[in-house]
Each structure stands twice: as C-alpha cells, then as structure tokens.
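[1] quick one: sequence plus predicted model below, questions after.
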Amino acid sequence: MSESNKMKEMPVNRLMVQMGIPMILSMALQAVYNIVDSAFVGNMKVGSEAALNALTLVFPVQMLMVAVGIGTGVGTNALLARTLGQGNAKKAAKVAGNSLFLGVIIYVVCFLFGIFGVRAYISSQTIDPEVISMGMSYLRICCVVSFGIIFFSLFEKLLQATGRSLYSTIGQVVGAVVNIILDPIMIYGIGPVPEMGVEGAAYATVIGQVASAALLFIFHMKLNKEFEHGVGYMKPDTGIIKEIYAIGLPAIIAQALMSIMVYVMNLILKFSPSAQTAYGLFYKVQQFVLFLAFGLRDAITPIIAFAYGMHSKKRIQDGIRYGLIYTIVLMVVGVAITEIIPGAFATLFNAGQSREYFIGAMRIISISFIFAGINVAYQGIYQALDGGMESLVISLLRQLIIILPLAGIFSVFVRNGQMGVSLIWWAFPITELTACLVGYVLLKRIRKNKVESLS
C-alpha cells in the first residue's frame, strides 16, 4: 500500500502504531543517552556529587542550543519540502544553503558564549567553587564544539524534507553509540586515555555529535540530488531567512520554554544543591517518559492533519481517540516504572546526598506524567487542526505561567523551614492537571469549530 493510500485507508489505530513506533524509539534513544551520560558521571570516584550538580546547571544551555538548531531545521524542512513540491530546484538550493549559513551564525554565537559567558551563567545558580569549575569546563567544551549538534539538527531536517528520514535516524544512532562507548573511556580513563572526569563526559558528548553531523553531511551531499549544493547558495537571502523563521520560530519558542523552566527551577532550588541535583536527574528520567508521548504526537499530528485535509470527520475522531488512548497507556507504564523502582534509578546515578530528594521527586512528580502526556497529545491534535495558538497556550501554562510562580511560592515555605522540599515537587502535578483541564476545554472548542462543521 502506498504512503498516500495508507493515510487514507489504513485503520487509524493500526496506522498510528505503525507510524508511532519508529518515532517513539527515535525520541527514546535521545533521552536514553542523556541518562547514560549522567549515570557514568554519577559513578566517578571523586567529585561525583558536584559533577552531577554541574550537569544539572548546564543542561538548560544544552537544551537551548538544541532548540535553536531544531527550530531552524523545522523551518528549513517545511520550506524546502514545499519548494521542491513546487518544482523550484533553484530556490530549494538557496533554502538549503541559507539554513547552513544560519547554522554558522548560531555556532558563532554559541562559541562566543562558551568563551565569555559560561562563568556568569554557572555562577548565577551556585556559589560552590567546585561545581562552578566543573560546570564551566563542561559547558565551555559543549559550546566551543557546538557545531556538531547544530549542523546535525540542520542536516537531519534537510534529509527528512526529501523523504530520507531513515538516514537521519542512522546518524542519530551512530552518534549515540559513539557517545556511550566513549563515556567510560574518557571519564574514567581506560588504556592510553587519561582520566578526564566531567571534561571527558563533555568530550564524549561533542565527539558523538560531530560524528552524527559528519555522517549526515555525507548522506546529504550524496543523496539529496533534487537540488544543487555549493558555497554560493549560502549567500544570505533575507526573504528566505524570514520564511524559515516564520515557520521555525514557534518551534524554537516551544523548545526554549523548557530551557527557561529548568533554569528558573535551578534558581528556585539554589538554597539546596542536593535538591538541584535531584531535580536535574529526575528531569532526565522524565524526558525519557515524556519523549514517548512526543514520539507518538509526531504520528498523531500528520494522521489527523491528513484526515482534516480530506474532510474525513470519522478519521479525525479516530485519530483523537486513539491518540489519547495510546498516550495514556504509555504514560501509565511510565508512572508504574518510576513509582515502583525509584531506588533503582537513584542507584544508577549513584545519587549520593541527593538520593532522598531524588526518590521524593520521582514519587511525587511522576504522578503528573499522565496529565503531561495528555497535554502533549492535545498539542499534536491542535497543530493538526491549525490550532497553533492553542498549542502555545498549553506550553506557556505548563512551562511558565503556572509552574514557576507556584514553585517559587512553595519554595518560600521550604526556605522558612515550615515545609520540606517535597512541597516544591507538588507544583508539577498541580500544573499538569490544571493545564490538562484547560486543554480539554480548548479541544472541545476546536472540535466544534473545525471538525463538527465538516460535511
């Protein structure tokens, strides 16, 4: 059955499973190697607690670099696919070239931040000199060699725009495997490689990213024959750059909100480095669970969008129904794992002094996974039905408007000694439940306005 016929005729429940599994696995892989990185660092012989705290503090900047790279790639992907669909190979070459020009600009900004900005950034979140030193070393390496993650994100989208997503997945897997292999070698020192500690973790990460980017560059040059390649096409075109960011800016904002939330949470938890570390470790476990929902969302959106384009009310309703059902099933499994064996994760990370806080965070925040997963599914549904504003509202509620003021207020009671740190963790379930209720109202409205009116 052709791809078009699948989207039209295959039962939605089967189609969603078929499309969702590869996307879920791809997203899970990204989250797994974040967890593995922290696990190796947590098991360092000396300074593991400070190193884990340092990784927690640098994580928002890493997320922001990914956000800008992916957002630029998303805009490039959509514009390139549309331009190729119009048969305009010359403009397509300019779109690809301008995306690489933007990649150079993004890299220069990251490089300059790595040289001049890391001390001020890390020092804003901690006063511990050991954590500041480790955080600066790790983040400086990640920023100075950030061309790997930036150009990986761009080449990934250039390949996806021409229907070659398998090759982008291969590049992603290769990078993850390289990183996981190099982590113990460079962190602990094996054979001729000296022990480098947290710097070794940074080098392993950037080498994996550069390996991915290099492989995808080769795939791009050899396989993307639909348009020409050349340095001349990198000459900046204001019109094309505007078109790229007209599409990509919302994706950058949505991703950047996560970075802002984690950074502000680190500031709120500044009174307790162990609580900061616990939150950072938990966030990586949470990413693994929620990335399953993100992967499924990437299947929900095109299925419902295709059905909306063909005015099939039944397939839209089926897409919404099965999208929510499958998301809830995945999230229930995630809640079960994190509630039953939080101690196993604490042991994996060798959490040390932050162990008690980490287990407490696992038990409380994981309650929110079901609501968070539903919110992610809602956003996929909204986007499929041209509801970009509704999707942005949910992102703002979840990552800015509710969570940060609530956590800030709760932290006052904790710092005054009236309540334990666990009170701050309760801000997460409250936020996700509230956003979920708002999301349900928005879903009812968008169904009434966009779906019920279909013939």
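    Noted; the coordinates are in hand.
[2] in this protein, which helix or strand is least confident?
    Lowest on mean pLDDT, DSSP states H and E among the helices and strands of the chain sits helix 3-9, with a mean of 69.
[3] next secondary structure after it?
    Next helix or strand after helix 3-9 toward the C-terminus (DSSP states H and E): helix 12-42.
[4] could you find the closest non-adjacent residue to residue 346?
    Spatial nearest neighbour of residue 346, excluding adjacent residues (CB to CB, 6 or more residues apart in numbering): residue 355 at 4.8 Å. Quick note: C-beta positions are derived from backbone N, CA and C, even for glycine.
[5] which secondary structure elements does the helix or strand where that neighbour lies contact?
    Per DSSP H and E, residue 355 falls inside helix 355-365. Contact partners of helix 355-365 among helices and strands, from 3 or more CB pairs under 8 Å, 6 or more residues apart in numbering; DSSP states H and E: helix 273-309, helix 313-340, helix 342-349, helix 422-425, helix 427-446.
[6] tell me which of those helices sits nearest to residue 242.
    In terms of CB to CB, the element of the helices and strands packed on helix 355-365 nearest to residue 242 is helix 273-309, at 24.2 Å.
[7] tell me which other helices or strands that closest one touches.
    By 3+ CB pairs under 8 Å, 6+ apart, helix 273-309 packs against helix 3-9, helix 12-42, helix 48-85, helix 238-268, helix 313-340, helix 342-349, helix 355-365, helix 369-384.
[8] for the fifth one, what is the average pLDDT?
    To tie it back to what came earlier, the one meant is helix 313-340. Helix 313-340 carries an average pLDDT of 96.
[9] list the buried ones in that helix?
    315-316, 318-320, 322-324, 326-328, 330-331, 334-335, 337-338 (16 or more other CB atoms under 10 Å).
[10] and for stretch 373-387?
    So, applying 16+ other CB under 10 Å, buried residues of stretch 373-387: 373-385, 387.
[11] which one of the residues you listed is nearest residue 235?
    The closest of these to residue 235 turns out to be residue 383 (CB to CB; 32.8 Å).
[12] tell me, how many residues neighbour residue 193?
    Residues contacting residue 193 under the criterion other CB atoms under 10 Å number 15.
[13] over to the one 10 residues further on?
    The local packing count at residue 203 equals 22, with neighbours defined by other CB under 10 Å.
[14] report the contact partners of it.
    141, 182, 186, 196 (CB atoms under 8 Å, 6 or more residues apart in numbering).
[15] same question for whichever strand or helix holds it, mean pLDDT?
    Applying DSSP H and E as the criterion places residue 203 in helix 197-223. Mean pLDDT, helix 197-223: 96.
[16] rebuild the contacts of residue 203 as JSON lines, extending it with neighbour count and distance to residue 12.
    Formatted as JSON lines, the contacts of residue 203 follow (neighbours: other CB atoms under 10 Å; distance: CB to CB, whole Å):
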{"residue": "141", "neighbour count": "20", "distance to residue 12": "46"}
{"residue": "182", "neighbour count": "22", "distance to residue 12": "42"}
{"residue": "186", "neighbour count": "24", "distance to residue 12": "46"}
{"residue": "196", "neighbour count": "17", "distance to residue 12": "50"}
